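# compute the structure for the input listed below.
(chains A and B)
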Amino acid sequence: MPFGQWTLRYSGFMSASFQSSIGQRQCVEPGQSATVIHVPPQTLDEYASFLGTNTMPGQWVGMNFAYGNGVVSANVSLNTWNPTAPTTYYQIGSQLFLMNAFLEFNIPQIGPLRPRVLAGYFGSYYGSLAEYSLGMYTNPLVGAARGVGELISIEYRLRPTLTLFVEHGIMGNRNGNAPANLVPTSWNGATSPTFPSSWIHHAHVILRWTGETEVRTGLHYLYNWSQDDRAQQAADNLTTSEIHEDYIKDGSLTVLGWDATVRNAAWGYFGAGASYIRGENAFPLKGLNTFGGEGNNLTDRWWGPASHGNGKLFALGFNYNASLGRMLRPSYSSDAPDVAINAGLVMAYTLTNTLTAEGTGPATGPPVAPSPLSADVDLFNHRLRYKFALESVYTFRSWVGVALRADCVVPNSKEAGETFWVLAPRLVFRTNWVTHETISIIYGKWFYGPKSHPEASSIISEDGRLDDQLIAFNVNMWW
Amino acid sequence: MDDRFNIRVSRALVIVATAMVALVRVGPAHGQGAVTPTPDASQGLRFDPSLSLDPTLPQVGAMPGGLTPAFGQRSLSEGEWRFDFHGYLLAPLNAGINSRPNPGFNYNPNLPQPQPGQSKTVLHSPPVVPDDLETFSHTGVVPTTYVQLNFSEGNSIVTGNVSILAKQANVSESFLEPADQLGITDVFLSVLPPLGERVHMQALLGAYTLRYGTTGEYDEGRYGTPLIARITGVGEHVALKTGWHKYTFVLEEGVHGQTNAASSSITPDVSNNFADSGSGSTFVAHVHGGVGYSHQGTSVMVGGHFMRAFSQDDRDGTSAPDGRIDVYAGDVRLNLGRFGHFYGALSYTDALQARTVSRIISVLNTQGGKGLMDNYLGAQSGGTGTLLTVGGQYDLSIGRLVSYPVPFSGDGPDLFVSLFGMQTHVSSTDKIGDPKTGLPYDGVTKRKFGVEATYSLLSWLAASARFDRVDPDVDDTRFSFSVISPRIIFHTGWQSTDQLVLQYSHWFNGGLTTVRVGDPPAEDITVIPDGDMLSLSARMWW
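Presented below is the predicted three-dimensional model:
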């Protein structure tokens, strides 16, 4: 925004998808077709889960409004993950309405220092492996701090081609502790009074070399913790094995991360990163979205409900985007046929110390002290998960291209039968070589393993069947 | 009583209209243009002539008088990316007037009514009148809250459109109705590829609402009811237009789906807009063709329409048969220059086991197959039956007519007259009828018609009157009712984009005129409807 002139800026992103999966009816009655069509799709593609491949773009709208001048601006964003027009019932919570509201201060340079401050409701993401996105997969490799608070970033030019960035932020989670008599329902996002108010403290050091090849690398520290006595309840809820409601310990999540990106006009963009996540009684923590999610997701999906949020997770990954046109022709200017290649891999390894429940043992014998689960019973400890994808997009006209993406997902190193593949060809239309939108027609085929199953959702039908084909039509635009 | 009253009212309207014509004739000379803004093809998202209504236009009935909002302007260059913001708001204060005791509401029959401390006259908001949107009785006389904000960004070829919609304003709510804050509702791309002078193409891609059979020239008409159908979903719609001499040929097609489906574990209530787990994943495929002819500022467009909404889903109950709703329709739209605008349509809806068809399709403002059953076919029909609907609307600006050949731009006194009506004949396998009201489903013919006249006296003042007659069953006038609604309209200029409307309405209800009360609204034969209503509504569009 120009200095001294107050202006309104509007930017945003939209993605709208028509998706339906195709399956077969098990018992066909008169008046019923054998082929059934499901919306929402009944395939193994859960958002934000490790099983998700991001093969099929979903719904998302972000409308960002900023008003200000070159020094200060007020920023507000309106968001939704399910626009109302194509819904058949009101899905409460899908309309996020005013999601971000913050001030951005671009403080005039102080000597060699250039400070920038964000204050208010916002999120900051670390571990993005692609130039304009998180990469082939949607989980940030290091983490994302979301809530209300501040972020101070100082830029210091060490040399003409070398810049140091130091960032520090403190945030609180937005909801805090829910009132004690709140009943978790879909109305309130299943918020439980047993979730304490949580806090995030994070610091980052980033170095950037500029030149023909730009290299950027950073070290990250994020710490999410709670110390709130209001979450504890009078009695334990025996249906929630992740936490003892009558004895809620202070929880913490520590994330140490590293990432690096290399950008070259000819050779493309390469990103790599790794993170180490350690949780202690982390189940009820909110606000810090790690590679494995927030505290409850880490507990349920990575360390096991019996871990109570105690465990370690190691994650690493890389992502690579390149254009053959740029590689082969230095004069290439994006307004000619091209083949783009995208590749990505993420893997994660878990360590937990899951103990048997107190008193487990023969009914006739004395109570047995808690002890580690045996390896054949513990599904989570020493489990390696990885997935990788390769995608190629051939744009042969200014208005059309073809693409093919293949994914392999290995959810469990202990059970090869859970491994599955996804193959997704698509046609991509646009209004020019370089433009702001794409229109895609996508077909997806899932090749399930004999023991493939969803991780933590109800996407499958009551009889446990999954559809293995999906047809989608997606439009998206950014401005 | 009703017939004699109608004759008296009709005569009175004729006399008033004649007097107003005389006043228009002595009005001053007027400026350039027409009363109704007629945007060219480069403006907004309009694609004239078109068989459907622009998705960015509000989903509300016509405004009082002959005003038609014109929204936005498309970028004229591929290199110029333009941000555009336009919208519409309607904020009414409505008060229905009735008297105690009303047997439809709780009171002690052993005590005299009203009791001490209670007035005999009662005020209701929202008014308890037969104007539920989903029923045939809906006239649109009662204004309802509606706010729509349209944001777009694009160039002459592609535009991204996002709209935010609300049907209640939180500040005036007495309780929270989450589903009335629709939030981000429409999300779509409009693509106009440059195919040369001979062929014009527009593709709408994403999530939006299409309306076919809208009786107004640029709005949903006086009833706010598309005579053919409304499709609300995510998908694609392509319209192709080409011309030969004075003829224009239009071809449209589309495929639409939904993005969510209610599972059996969801409890229908106000928070989820009464989610219906009995409907399955539903898709709509539709195709339309039209031929237009234009000559010396007048044009005619004749169109044919076919839609099929179908569901084949095993999650809505293993015993539920596949359902479908087919709609066949033909329509004609006449732009007669100074002689006004006429639209007429004939629509045939054929539903087969349509209970599982979701709300993605709306026939006569009902919600999917279940809505069709609740309002027309009956619960015992299983969703099988037919509707034959015919309707139309004629709008005429007397000022434009009498000022010919001098162009009239609406910047002077004018009398605007609108005639409108529709009729639906229902055939259903439900031979029992509505157990609450006794209204039959099978073989019933429903009819409604009305007239509205608006005289613009001054740049800031207009007077208007509307008369409506509704016969939910033409063979049983006990269900019938009439409404007369005089109005005073204030605005800030001849061609301003705002209105402040002060309206009084009186209902002449029959002995069995029923209203819907409760949440979800349901017929209650014991409730005596409000006979009068006062309304003060503010509107603006930009």
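
# tell me who's in contact with residue 152.
The chain I'm using is chain A. A:115-117, A:167-169 (C-beta atoms under 8 Å, 6 or more residues apart in numbering or on different chains). Glycine gets a C-beta too; all of them are placed from N, C-alpha and C.

# could you do chain B instead?
Counted by C-beta under 8 Å, 6+ apart, residue B:152 has contacts B:56, B:72, B:83-85, B:159-162.

# and the residue nearest the centre of the chain?
Picked chain A for this. Centroid-nearest residue in chain A, with C-alpha atoms, centre = their mean: residue A:139, separated by 2.9 Å.

# sorry, should have said chain B
In chain B, the C-alpha nearest the mean C-alpha coordinate belongs to residue B:224, at 1.3 Å (C-alpha atoms, centre = their mean).

# and that residue, that's in a strand?
No: counting by DSSP: H, G, I helix; E, B strand; the rest coil, residue B:224 falls outside a strand, being coil.

# mind checking how far it is from residue A:149?
Separation of residue B:224 from residue A:149 (C-beta to C-beta, to the nearest Å): 47 Å.

# then residue B:300?
Counting by C-beta to C-beta, the gap from residue B:300 to residue A:149 is 64 Å.

# who's more crowded, these two?
residue A:149 (23 against 16; other C-beta atoms under 10 Å in any protein chain shown).

# touching, the more buried one and residue A:200? I think so.
Yes: when contacts are counted by C-beta atoms under 8 Å, residue A:149 is listed as touching residue A:200 (7.4 Å).

# find the residues that touch each one of those two.
By the contact definition C-beta under 8 Å, 6+ apart, residue A:149 and residue A:200 are jointly contacted by A:169-172.

# among the residues you listed, find the lowest-pLDDT one for me.
Lowest pLDDT among the shared contacts of residue A:149 and residue A:200: residue A:172, with 92.

# so which residues of the stretch 301-450 of chain A form helices?
Here the stretch 301-450 of chain A has its helices, by DSSP state H, counting those that start in this stretch, at A:324-328.

# and it, which residues reach chain B?
Within the stretch 301-450 of chain A, the positions lying close to chain B (C-beta under 8 Å from any C-beta of the partner chain) are A:399, A:431-432, A:435-437, A:439.

# need the three-state assignment for residue B:171.
helix.

# if I look at it, what pLDDT would I see?
The model reports residue B:171 with a pLDDT of 86.

# please apply the same query to the one 3 residues further on.
The pLDDT attached to residue B:174 in the predicted structure is 81.

# pretty sure it is in a helix, no?
No: if the criterion is three-state DSSP, then residue B:174 is coil and not within a helix.

# ok, the residue nearest to the centre of chain A - contacts?
Taking C-beta under 8 Å, 6+ apart, one finds A:48, A:50, A:289, A:291-293, A:346 in contact with residue A:139.

# could you redo the last one with a cut-off of 10 Å?
Neighbouring residues of residue A:139 by C-beta atoms under 10 Å, 6 or more residues apart in numbering or on different chains: A:48-50, A:52, A:54, A:127, A:289-293, A:297, A:315, A:317, A:346, A:348.

# may I ask which of these has the most neighbours?
Highest neighbour count within the contacts of residue A:139: residue A:290, with 30 neighbours (other C-beta under 10 Å).

# gap between that residue and residue A:52?
If you go by C-beta to C-beta, the gap between residue A:290 and residue A:52 works out to 16 Å.

# residue A:245 now?
Here the criterion is C-beta to C-beta. By it, residue A:245 lies 30 Å from residue A:52.

# show the end-to-end separation of stretch A:284-300, please.
Across stretch A:284-300, the terminal residues are separated by 11 Å (C-alpha to C-alpha, to the nearest Å).

# distance from that stretch to the middle of the chain?
The chain centroid and the centroid of stretch A:284-300 are separated by 11 Å under C-alpha atoms, centre = their mean, to the nearest Å.

# secondary structure class for the residue in the stretch 1-150 of chain B that chain A sits nearest to?
Closest to chain A within the stretch 1-150 of chain B is residue B:83: 5.4 Å, counting by C-beta to the nearest C-beta. Recorded secondary structure, residue B:83: strand (three-state DSSP).

# show me what it is bridged to.
Counting by DSSP bridges, residue B:83 is bridged to residue B:153.

# how about it, what does it touch?
Going by C-beta under 10 Å, 6+ apart, residue B:83 touches A:8-11, A:479, B:75, B:151-154.

# which of those residues scores worst on pLDDT?
residue B:75 (65).

# pretty sure residue B:157 contacts residue B:82?
No: contact criterion C-beta atoms under 10 Å: residue B:157 and residue B:82 do not qualify, at 12.0 Å.

# any idea what sits nearest residue B:518, other than its immediate chain neighbours?
Residue nearest to residue B:518 in three dimensions, not counting chain neighbours: residue B:524, with 7.3 Å by C-beta to C-beta, 6 or more residues apart in numbering or on different chains.

# re the thing from before, least confident of the contacts of residue B:152?
pLDDT across the contacts of residue B:152 is lowest for residue B:72, at 61.

# which one is the residue nearest to the centre of chain B nearest to, not counting chain neighbours?
Using C-beta to C-beta, 6+ apart, the closest residue to residue B:224 is residue B:61 (3.0 Å).

# now do the same for that neighbour: its pLDDT.
With respect to pLDDT, residue B:61 scores 80.

# what residues are up against it?
B:133, B:138-141, B:143-144, B:146, B:215-216, B:219-225.

# again, 8 Å this time
B:140, B:219-225.

# for residue B:293, state which of these is nearest.
Within those, the smallest distance to residue B:293 is 22.9 Å, found for residue B:221 (C-beta to C-beta).

# mind checking the SS state of the closest one?
Here residue B:221 is recorded as coil under three-state DSSP.

# just give me the neighbour total for it.
For residue B:221, using other C-beta under 10 Å, the count is 26.

# leaving out chain neighbours, which residue sits closest to it?
residue B:215 (3.1 Å).

# residue B:186 too?
residue B:163 (4.1 Å).

# low-confidence regions, the chain specifically.
No chain in the question, so chain A it is. For chain A, the stretches with pLDDT under 70 are A:1, A:3, A:174-175, A:355-369, A:375-377, A:456-464.

# that's the wrong chain, I meant chain B
In chain B, residues with pLDDT under 70: B:1-49, B:66-76, B:316-318.

# what's across from residue B:461 in the sheet?
Bridge pairing for residue B:461 - DSSP bridges - gives residue B:458, residue B:490.

# contacting residues for residue B:522?
B:436, B:516.

# let me fix that, I meant to ask about residue A:347.
Residue A:347 makes contacts with A:315-317, A:384-387, as judged by C-beta under 8 Å, 6+ apart.

# so of the residues you listed, which ones are in strands?
A:315-317, A:384-387 (DSSP state E).

# for those, which one is nearest chain B?
residue A:387 (25.7 Å).

# excluding chain neighbours, what is closest to that closest one?
Among residues not flanking residue A:387 along the chain, residue A:409 sits closest, at 4.3 Å (C-beta to C-beta, 6+ apart).

# settle this for me: that neighbour is touching residue A:346, isn't it.
No: at 10.2 Å, residue A:409 and residue A:346 do not qualify as touching, with contact defined as C-beta under 8 Å.

# who touches both of the two?
When contacts are counted by C-beta under 8 Å, 6+ apart, the set common to residue A:409 and residue A:346 consists of residue A:387.

# give me the residue from the stretch 151-300 of chain A nearest chain B.
residue A:187 (5.7 Å).

# follow-up on the earlier one: are any of the contacts of residue A:347 buried, and which?
Listed as buried from the contacts of residue A:347 are A:315-317, A:385-387; burial here means 16 or more other C-beta atoms under 10 Å in any protein chain shown.

# of the residues you listed, closest to residue B:193?
Closest approach to residue B:193 among the buried ones among the contacts of residue A:347 (C-beta to C-beta): residue A:387, at 38.0 Å.

# list the beta-bridge partners for the closest one.
Bridge pairing for residue A:387 - DSSP bridges - gives residue A:346, residue A:409.

# residues contacting it?
By C-beta under 8 Å, 6+ apart, the residues touching residue A:387 are A:50, A:53, A:137, A:345-347, A:407-410.
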